[in-house]
Structures are given as C-alpha cells and as structure tokens.
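Chemist: After the sequence you'll find the predicted model.
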Amino acid sequence: MILRRSGERGLADHGWLRSFHTFSFADYHDPAHMGFRSLRVINEDRVQPGQGFGTHGHQDMEIISYVLEGELEHKDSMGTGSIIRPGDVQRMSAGTGVRHSEANPSRQELVHFLQIWILPNRRGLTPSYEQKSFSVAERTGALRLVASMDGRDGSVNVHQDVSLFASLLDAGGMVRHVVAPGRAAWIQVAKGEVAIAGERLGTGDAAASEEAGEIEIRGEEPSELLLFDLA
C-alpha cells in the first residue's frame, strides 16, 4: 500500500485561502506526485468568510466538490447557481469550456471542502453540471456510492471509469472494499483517524493500492473518508 501523508502535501496560503495539494497543482510541483491514474487533483481548501475564487475557466476536466464544513456558493456560465453543503456532491464537466466561480457566502464561518479533478475519458464533451445530496444515515458505517460513470444507485455521473464512495465511521466502525484485478483504490481521509492494513491514517492522509483484494478500513475515532475505485 502506498501512503501519502498530510504533512507531505503542497501548501498554498493566500490568507483568504489555505489549500493543501495532494498532487501537483499551481505553484506546487512534485514529479513524484502528478496524480493517480485518472485522479489528477485533490485539494483540501479552507476559504475565509465572504471570500472565494473569482470567475475563471476550465476545459476537459471532471471537477467534483465535496463540502466538509460550511457552505460553498457556485455560479457558472451555463446559468447554474447553487449552494453546496455537507453531504452534497457537485460535479461539473468542463468539456469544451466553462467559466465559474466558487465563494463562501457566509460572513462568519469558513468553508472547508475537497476539490477533486478527474481526467475525462474523452475530450470535447458538452459542459454540464449535476449536484446531489447524500444523508448522514446512508453514509454512516457504509461506503455510499456518490459518483460513477453510469450514475448508478443515485450517484452523480462522471465521464470516466471511476466509482467514488463516501463514508462516515464511528470509533470501531468498519467498512470493506474489494479491488478487482486491474483496478486501483485511493482512500482520502477527510476527518478523523482510521486504520488500514496496520497503518493509522489521520486527517489529510491518504492510502492507495493497485493490488487486487479486499481493503478493510476501521475507524479509530469518528471519521470521514472518500474512496476512489479507478480503472
């Protein structure tokens, strides 16, 4: 199993934004950490009240936002406007090109979220947007599918052979996932502490495996995690 510790990540601190980069991003460049299969970006972002990312463009990328605390306000050139809260999963396919902004609408509380980029399975897609909510109950003690290539089980649709699961674990809670031959798993600990294959992983840590077989994840304390099953 490959480990990516929180303290090894890149850090950009702009005052209004504090962002940890699991993979190379913007001014942080590490040839050893350019992504994992089709997974290209996992940024852990904290945006101060009333601040945000101004309108900017993207192309040929699947962008997923997963809010951990607070609220994130989204606006884009497709005419979409929404508020993303904990439990929501936002997917934006940039395709041939889209412009958008993401901001913290609160005047008191920061917003803490994961920004995820996945390389699409083809270029030149028509830009699109989707957002769905997944309750605490359906994520607790389970790996709840929240994004997939075919949108099965009520997940958002991504244009890549990726299945993304979200889980909330109590202390002592456990989930298991089987990695099929030829596939790989990336586990990102968003909050708390878990144990995987004899290793303890805390907030911001990640573990990856390209070996077929079962992965067992145990909560050492109340925890939140994302698991990517990748072709």
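Modeler: Received the coordinates, thanks. Numbers count the residues shown, from 1 in each chain.

Chemist: what secondary structure does H100 sit in?
Modeler: Judged by DSSP: H, G, I helix; E, B strand; the rest coil, the three-state class of H100 is strand.

Chemist: Specify the beta-bridge partners of it.
Modeler: Counting by DSSP bridges, H100 forms beta bridges with H56, D76.

Chemist: Next, the contact list for it, please.
Modeler: T55, H56, H58, H74, K75, D76, S77, M92 (CB atoms under 8 Å, 6 or more residues apart in numbering). Using the backbone N, CA and C atoms, a C-beta is placed for each residue, glycine as well.

Chemist: would you list those residues in a markdown table and tack on neighbour count and pLDDT?
Modeler: Output for the contacts of H100, formatted as a markdown table (neighbours: other CB atoms under 10 Å; pLDDT from 0 to 100):
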| residue | neighbour count | pLDDT |
| --- | --- | --- |
| T55 | 11 | 96 |
| H56 | 10 | 96 |
| H58 | 18 | 96 |
| H74 | 19 | 96 |
| K75 | 16 | 96 |
| D76 | 19 | 95 |
| S77 | 13 | 96 |
| M92 | 24 | 97 |
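
Chemist: okay if I get the residues you listed as CSV plus distance to T140?
Modeler: Shown next, in CSV, are the contacts of H100 (distance: CB to CB, whole Å):
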residue, distance to T140
T55, 37
H56, 36
H58, 33
H74, 26
K75, 32
D76, 32
S77, 37
M92, 27
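
Chemist: unless I'm mixing things up, D153 is touching A147, no?
Modeler: No: under the criterion of CB atoms under 8 Å, D153 is not in contact with A147, lying 10.5 Å apart.

Chemist: Per the annotation, how does the chain divide into domains?
Modeler: According to automatic domain parsing, the chain comprises the domains 9-133, 136-230.
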